[in-house]
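Chemist: Pasting the sequence and the predicted model now:
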Protein chains: 2
Amino acid sequence: MNYNAIESSWIGILGGGQLGRMLALSGYPLGLRFRIFDPSPLAPAGHLAEHVQGAYDDTAALDRFVEGLSVVSYEFENVPVQTARHLNQRAPVYPPPQALETAQDRLSEKTLFQKLGVETPPFAPLFSLEELTEAVARVGLPAVLKTRRLGYDGKGQAVLRTPEDVERAHALLRGSELILEGFVPFERELSILGVRGRDGASVFYPLVENHHRDGILRLSLAPAPGDLRVLQQRAEAICLQVMKALDYVGVLAIEFFQHNGRLLANEMAPRVHNSGHWSMEGAEVSQFENHIRAIAGLPLGSTRVRGCAAMLNLIGELPGLSQPLGEPRAHAHFYGKAPAPGRKVGHINIVTETADERADVIRKFANCPGVYDIQPRA
Amino acid sequence: MNYNAIESSWIGILGGGQLGRMLALSGYPLGLRFRIFDPSPLAPAGHLAEHVQGAYDDTAALDRFVEGLSVVSYEFENVPVQTARHLNQRAPVYPPPQALETAQDRLSEKTLFQKLGVETPPFAPLFSLEELTEAVARVGLPAVLKTRRLGYDGKGQAVLRTPEDVERAHALLRGSELILEGFVPFERELSILGVRGRDGASVFYPLVENHHRDGILRLSLAPAPGDLRVLQQRAEAICLQVMKALDYVGVLAIEFFQHNGRLLANEMAPRVHNSGHWSMEGAEVSQFENHIRAIAGLPLGSTRVRGCAAMLNLIGELPGLSQPLGEPRAHAHFYGKAPAPGRKVGHINIVTETADERADVIRKFANCPGVYDIQPRA
């Protein structure tokens, strides 16, 4: 067979984990090509994309990476802002470096929400642990003490319930910039995913209900159960405001606490997000394809949900493939990563016609390896 | 990020064109890895899979290719049977080499149909062009003279309408093994795609209506319009018979002529098929993923159609991506091949709720570059 050479647009992704992998998988059908940058030779996106290996401060490796790329994106918000700015001189980086910078610091993030009039849980910055007593006085107990940077999946956090916890926290988190967040007795966590194109057009996925265990997302329900017309409108308005403020391009995820009919913004992620994985089969166009469309300057795709969707994370271990594939309403996504405690190694997407049916299928996976047994309301 | 090494199952695909590419794309979410074998350095599946380059009779290259593979498949039926048999000594080859052998020869194919009691158009083998006159007498005019081997997309065929055409055919097809097929004044072409697992389980997609132009598929409608309950049952029974006879594993496509409420088997393809591309968004599980599931010994997936689907081939040229992506009910699949006259370079999938809506969307693409304007009945 003779194929001839073709000029394709190349997209670069910083980080070659499961998010980079799923971004590439969703962009290949558009005829695009992918190059990932990851320090590890085992990065699973490297199974299916060009892989430039290097440290995030290795400018020579970054320059090799960016050569010929049309656009650069990233799969995690702990990419050094310096790295993004360096690459941005050679190819546009989306979401823009200022979004990365804001999302990397829980204080900047919360301050932005506040500036835009978006309600958040009470919070207080701490520039040293010595200020903790004063911050506790302002925010009250229980509260969550968090590092301002580099926290994810519940890491870098301590829940403070008693004065003794406050004492212990001194030892735990010494030397980090911190933020103390008031504990909100919320009914549930919801997240919204918005997508903004290079032309400023935007679309939104429906609010998703998220269930965590030990700080790690285990289950998402999309759409979230209940009549959410009012909250959906509010969440979209907040997401749009944030995207406009940051001159945003790509998928933006915002996590909220739902409390007494209100939404309190908890945090945001300037990237495709675990709570959007259901969209791969559950929506007309997935968050991954929509992120690629956005950063490539293409029209955004429909976010319409196909019935009722759910996502079960597979953490620490994988079932045999036959287990998810034996259920007709389930789809398997294995990331090509070796299982290890607490590691996200795959997820199962479920698409059904009704919420009751969705609950039934979720129940079937209660004892599946990697799944934490959570029984949501139908 | 630390990923550790993971032991994955490797799947090998002979041929790195669009079918190999879409097979790999559908198998990566299952955590599988892919290696393709293709003589061309530009094989588009090579953008996203390991690529061993070599001629199909280069046993050293084939041995490098098969090293460590769990299973081997192929994306086109003109893979030399010798190649398949050679690899089969090292890893199972599915569909099995005997299916490849049968499908490579229009005479064996038709003879198998006949043996199984499956109606076909009248045909006569020719071992030399000298027998043409006699064959024409048996089959009648008009008829189609075809090479028994290596024909595809209307290549290696001559339509004979008059005695003069018969004369001309002598010059055109000298030196090939030939078959003369009676011309059936069929109402339409339908195809069925069946999938058979290693355990003998089978599933079927709904009958698809296919429209060709110059011997190349341009449009498929799935499900085919009209009440096809009886024909669907008949087509599934035929497909199952053929799969059993060949001890088949994988996706098998059979093309039929519909004529006076009957199905006449025209040809089969022992692989994923262009008339099944609609299944990527149009069915619960695509033909590509189901082929991978079948050859990997995994449970087969649901073939349920999501509403009404259609596929428009993009031949010879590609539109800008914004054209298909600007239509919310369309999905773009570009293959990463350079456009050239008659070359399949992509397709557009359409999924709608009703057949009328499907016809509307198809009409919108009437003037799209690469699309041949065909107006099917709703």
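Modeler: Received, thanks.

Chemist: nearest spatial neighbour of A:Phe186, skipping sequence neighbours?
Modeler: Leaving aside its chain neighbours, A:Phe186 sits nearest to A:Phe257 (3.5 Å; criterion: C-beta to C-beta, 6 or more residues apart in numbering or on different chains). All C-beta spots, glycine's among them, are computed from the backbone N, C-alpha and C.

Chemist: what do you get for A:Val159?
Modeler: Leaving out its chain neighbours, A:Val159 is closest to A:Val144 (C-beta to C-beta, 6+ apart), at 5.5 Å.

Chemist: so what strands line up beside the helix or strand hosting that neighbour?
Modeler: Of the helices and strands defined by DSSP states H and E, A:Val144 is found in strand A:143-147. Partner strands and pairing direction for strand A:143-147 (DSSP bridges) are strand A:157-160 (antiparallel), strand A:178-182 (antiparallel).

Chemist: Serialize the ones you listed to a markdown table and add fields for mean pLDDT and mean neighbour count.
Modeler: A markdown table is the format used below for the strands paired with strand A:143-147 (pLDDT from 0 to 100; neighbours: other C-beta atoms under 10 Å in any protein chain shown):
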| stretch | mean pLDDT | mean neighbour count |
| --- | --- | --- |
| strand A:157-160 | 83 | 17 |
| strand A:178-182 | 89 | 23 |
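
Chemist: what about the residue nearest to A:Val159, how many residues close to it?
Modeler: One way to gauge burial is a neighbour count; for A:Val144, by other C-beta atoms under 10 Å in any protein chain shown, it gives 17.

Chemist: quick one: it and chain B, what's the gap?
Modeler: A:Val144 sits 25 Å away from chain B, taking C-beta to the nearest C-beta, to the nearest Å as the criterion.

Chemist: ok, now which ones touch that residue?
Modeler: Remark: with contacts taken as C-beta atoms under 8 Å, 6 or more residues apart in numbering or on different chains, A:Val144 is in contact with A:Gln157, A:Ala158, A:Val159, A:Leu160, A:Leu180, A:Glu181, A:Phe183.

Chemist: same thing but 6 Å
Modeler: Listed by C-beta atoms under 6 Å, 6 or more residues apart in numbering or on different chains, the contact partners of A:Val144 are A:Gln157, A:Val159, A:Glu181.

Chemist: so which of these comes closest to chain B?
Modeler: If you rank the contacts of A:Val144 by distance to chain B using C-beta to the nearest C-beta, A:Gln157 comes first, at 19.7 Å.

Chemist: pretty sure that closest one contacts A:Lys146?
Modeler: Yes - using C-beta atoms under 6 Å, A:Gln157 is in contact with A:Lys146, at 4.9 Å.

Chemist: Which strand or helix spans the residue of the stretch 101-250 of chain A found nearest chain B?
Modeler: Scanning the stretch 101-250 of chain A for proximity to chain B using C-beta to the nearest C-beta identifies A:Val203 as nearest, at 10.0 Å. For A:Val203, the enclosing helix or strand under DSSP H and E is strand A:202-204.

Chemist: Given that strand, what are its sheet partners and their directions?
Modeler: According to DSSP bridges, strand A:202-204 forms sheet pairs with strand A:188-196 (antiparallel).
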